[in-house]
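Visitor: Curious how this folds, go ahead:
(2 chains)
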Amino acid sequence: MESLMAVTIGVLFATAIYMMLRRSIVKLVIGLMLLSNAANLLIFSMAGMVRGAPPLVPKGLSAPAGAVADPLPQALVLTAIVIAFGVLSFAVVLVRRAWEVVRADDLDRMKDTDT
Amino acid sequence: MTPQIALPILIPLLAGAVSLVFWRSRGMQRFIAVLGTAGLLLTSIWLLVSVSRDGILVMQMGDWQAPFGISLVADLLGAIMVVLTGIIGFAVAMFSLATTGRGHEAFGYFPLMHLLLAGVAGAFLTGDIFNLYVWFEVMLVASFALLTLGSEKPQMEGAIKYVTLNLVSSVIFLIAVGLLYSMVGTLNMADIAQRLPRLDGNGMVDALAMMFLVAFGIKAAAFPLFFWLPAAYHTPPVAVSALFAGLLTKVGVYALYRVFTLIFHHDPGYTHEILLWGAGLTMLSGVLGAAAQFEFRRVLSFHIVSQIGYMILGLALFTPLAIIGGVFYIAHHIIVKANLFLISGIVHRLQGSYRLEALGGLYRQHPWLAVLFLISALSLAGMPPLSGFFAKFIVIRAGLEAGAYGVTFIALLVGLLTLYSMVKLWSEVFWKANPREDDEAPDQAIGRGELWLMVTPVAGLALCTLFIGFNAGPLYALAEASAGQLLSPERYIEAVLGDVRGGER
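Guide: I've put the predicted structure just below:
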């Protein structure tokens, strides 16, 4: 399971970087989405892929019995997904507005502020 | 109870929420903008006073014990940064009363400004590395929206680069936090700092340090990751530019200081050597970029980059004097740089342009403005009686004492080139004759009250510069104390974890 996750995350990162290196701003946004999802999956798999019980303490005990899943990376990934969702929806709107203003889907034609 | 730790975050958040309630009332939003930033300034001063009296202050959110909940920690560096946030926030809020257009105000300029300040203050005060990421995002989202407010063509083009680079940096930061968690199993920075040395195998720790360096290096606009900054900072309304120039990159610098003094100080020969090279190249590339520019705000943007180099140099040398110099430099730079951007805004208002060839003759029209510019510009270049001189002096002296002659030489050379750039601005904007034939200045359109609103914050910041310059002792003492705290991270750890640590060992 771990190796499958590792390969998936690697492929996602590679695809994201490939898309971000294209000149089209739409592909740039797709690349950003893939990138943030790859990061989310990476954090998710940080705690190890264990098929653990929920981290609850049974009645009468002071520690959970048996192996439990670490809940913290799941909380982190939830936060990260929400933040990425907000930021990426901003990016999508930005790309649309940029297209309306510049009338080009090409980063090479957006160099007015660089010179 | 120590409410002053949380108040610098809560007040801007509250002010932002309240000004959202008054979405349609322009007057109320403007009133809340001044009130909220003034409140931020006052509570931040309260925080600084109590931190310098009682040492590091800690507040456990929701009363969860230290390594499990989120802690807010105010050490001297954090408190100094929050005070600077308050100063810049207040000055920019006043300045925006006069310069922000009705269109911008109608689309939430002031609520976004409060949100940005809350994010910045939160990043300075949090003691939890994932929480730091969250505050970074709060700050970034607000800055994205502020940057694109108005939707003009250059803003859109600059914003695409700004948004992309900052998102990539956030993702790298997030990945590094995740990997760090998988190694030490905690997110509390103090807890990380005490657990990390117990791990064996430094390879992964070094790799993590480099990931943090890249993530914060992009935010701080360090070489070679700075190119989003000059592409974006000259596009939004000038009050936004000043706010960004004063605060945003310095959050990145602060994060570098925090992470590389508290967590990754195990192998300075490796990590800090890379920082040293980065610092030298940042200084040089920024100042050379500025020399080639002929647009007021673009020159200033490139100078942000070169000045970031001095701050990172202070961290990279990693001696007590160098850290003092770095902290002093941050404080001086935030005030001076924001002020220069505000002055460029006044110039734009008076003569209607940022391009140097279209400007001129302002010394004759407004000698007081010329004096204010000269104070800030010479301070940036490091002229003796002003704040910049002491900042550069401490950093360069630390460089000489540490025997890093090459990078010290670069620092001196960059000071000279900064002077060249500032003299260029002075002679183009203030000294040469106005290029337009009719000497009929367009500034009759500006009302007297409006001009006062713009000049008062500029004069206040210039007075701060003069005060630091002529009376550098108090700030030096503060910087010295904060360097002492930064270089002995066990004080930070003990303040945060307290008795929990004793029980665990």
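Visitor: give me the number of residues near B:A377?
Guide: 26 (other CB atoms under 10 Å in any protein chain shown). In this view, the C-beta of every residue, glycine as well, is placed from N, C-alpha and C.
Visitor: In terms of helices and strands, where is it?
Guide: Counting by DSSP states H and E, the element that carries B:A377 is helix B:367-381.
Visitor: Which strands and helices lie in contact with that helix?
Guide: Judged by 3 or more CB pairs under 8 Å, 6 or more residues apart in numbering or on different chains; DSSP states H and E, helix B:367-381 is in contact with helix B:320-351, helix B:362-365, helix B:387-402, helix B:405-425, helix B:448-470.
Visitor: so which of these is the most packed in?
Guide: Comparing these by mean neighbour count (mean count of other CB atoms under 10 Å in any protein chain shown), helix B:320-351 ranks first with a mean of 25.
Visitor: Output the set of residues of chain A in proximity to chain B.
Guide: A:20, A:25, A:28, A:32, A:35-36, A:39, A:42-43, A:46-47, A:72-73, A:76, A:79-80, A:83, A:86-87, A:90-91, A:94-95, A:97-98, A:101-102, A:107, A:110-114 (CB under 8 Å from any CB of the partner chain).
Visitor: on that earlier part again, of all the helices and strands packed on helix B:367-381, which one comes closest to chain A?
Guide: Taking CB to the nearest CB as the measure, these were each checked against chain A, and helix B:320-351 came out nearest at 16.3 Å.
Visitor: any idea of the mean pLDDT for the closest one?
Guide: Helix B:320-351 comes out with an average pLDDT of 93.
Visitor: Tell me what angle it forms with helix B:367-381.
Guide: Direction vectors for helix B:320-351 and helix B:367-381, defined by axes from the mean of the first three to the mean of the last three CA atoms, to 10 degrees, enclose an angle of 150 degrees.
Visitor: Could you pick out the buried ones from the residues of chain A next to chain B?
Guide: Neighbour-count burial (16 or more other CB atoms under 10 Å in any protein chain shown) applied to those gives A:20, A:25, A:28, A:32, A:35-36, A:39, A:42-43, A:46-47, A:72-73, A:76, A:79-80, A:83, A:87, A:90-91, A:94-95, A:97-98, A:102, A:107, A:110, A:113.
Visitor: Could you list which of those residues belong to helices?
Guide: A:20, A:25, A:28, A:32, A:35-36, A:39, A:42-43, A:72-73, A:76, A:79-80, A:83, A:87, A:90-91, A:94-95, A:97-98, A:102 (DSSP state H).
Visitor: Let me have the helices and strands packed on helix B:367-381 in a markdown table, extended by distance to B:P230.
Guide: Conversion of those to a markdown table gives the following (distance: least, CB to CB, whole Å):
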| stretch | distance to B:P230 |
| --- | --- |
| helix B:320-351 | 13 |
| helix B:362-365 | 24 |
| helix B:387-402 | 21 |
| helix B:405-425 | 13 |
| helix B:448-470 | 23 |
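Visitor: which stretch among these comes nearest B:V240?
Guide: Closest approach to B:V240 among those is made by helix B:320-351 (9.4 Å; CB to CB).
Visitor: got the angle for the closest one vs helix B:387-402?
Guide: Helix B:320-351 runs at 150 degrees relative to helix B:387-402, counting by the same axes, to 10 degrees.
Visitor: Return the distance of helix B:320-351 from the chain's centre.
Guide: Here the centre of helix B:320-351 is set off from its chain's centre by 9 Å, with CA atoms, centre = their mean, to the nearest Å.
Visitor: which parts of chain B sit against chain A?
Guide: Contacts of chain B with chain A, taken as CB under 8 Å from any CB, map to B:130, B:134, B:137, B:140-141, B:144-145, B:148, B:151-154, B:156-161, B:163-164, B:167-168, B:170-171, B:174-175, B:177-179, B:181-182, B:187, B:231-232, B:234-235.
Visitor: let's see it at 7 Å
Guide: On the criterion CB under 7 Å from any CB of the partner chain, chain A has as its neighbours in chain B the residues B:130, B:134, B:137, B:141, B:144, B:148, B:151, B:153-154, B:156-160, B:163-164, B:167, B:171, B:174-175, B:178, B:181-182, B:231, B:235.
Visitor: Looking at those, which are in strands?
Guide: Judged by DSSP state E, those include no members of strands.
Visitor: Check these for burial and list the buried ones.
Guide: With neighbours counted by 16+ other CB under 10 Å, those contain buried members at B:130, B:134, B:137, B:141, B:144, B:148, B:154, B:156-160, B:163-164, B:167, B:171, B:174-175, B:178, B:181-182, B:231, B:235.
Visitor: Looking at the residues you listed, which are in helices?
Guide: Cross-referencing these against helices under DSSP H gives B:130, B:134, B:137, B:141, B:144, B:148, B:154, B:156-160, B:163-164, B:167, B:171, B:174-175, B:178, B:181-182, B:231.
Visitor: neighbours around the nearest residue to B:Y254 once chain neighbours are set aside, how many?
Guide: If you skip the residues right next to it in sequence, B:Y254 has B:M81 as its closest partner in space, 5.6 Å away by CB to CB, 6 or more residues apart in numbering or on different chains. Around B:M81 there are 29 other residues, counting by other CB under 10 Å.
Visitor: mind showing which ranges of the stretch 101-250 of chain B have poor pLDDT?
Guide: B:201-202 (pLDDT under 70).
Visitor: same check, this time on chain A
Guide: When the per-residue scores of chain A are filtered using pLDDT under 70, the ranges that remain are A:114-115.
Visitor: and residue 37, how many residues sit next to it?
Guide: Assuming you mean chain A. Count around A:N37 with other CB under 10 Å applied: 19.
Visitor: if you could check chain B rather than the one you did, that'd help
Guide: Here the neighbour count serves as a burial measure; for B:T37 (other CB under 10 Å) it reads 27.
Visitor: That one touches B:G89, doesn't it?
Guide: Yes: look at B:T37 against B:G89 with CB atoms under 7 Å: they come within range, at 4.2 Å.
Visitor: show me the contacts for the residue lying farthest from the centre of chain A.
Guide: The outermost residue of chain A, judged by C-alpha distance from the chain's mean C-alpha position using CA atoms, centre = their mean, is A:G60 at 39.9 Å. By CB atoms under 7 Å, 6 or more residues apart in numbering or on different chains, A:G60 lies in contact with nothing.
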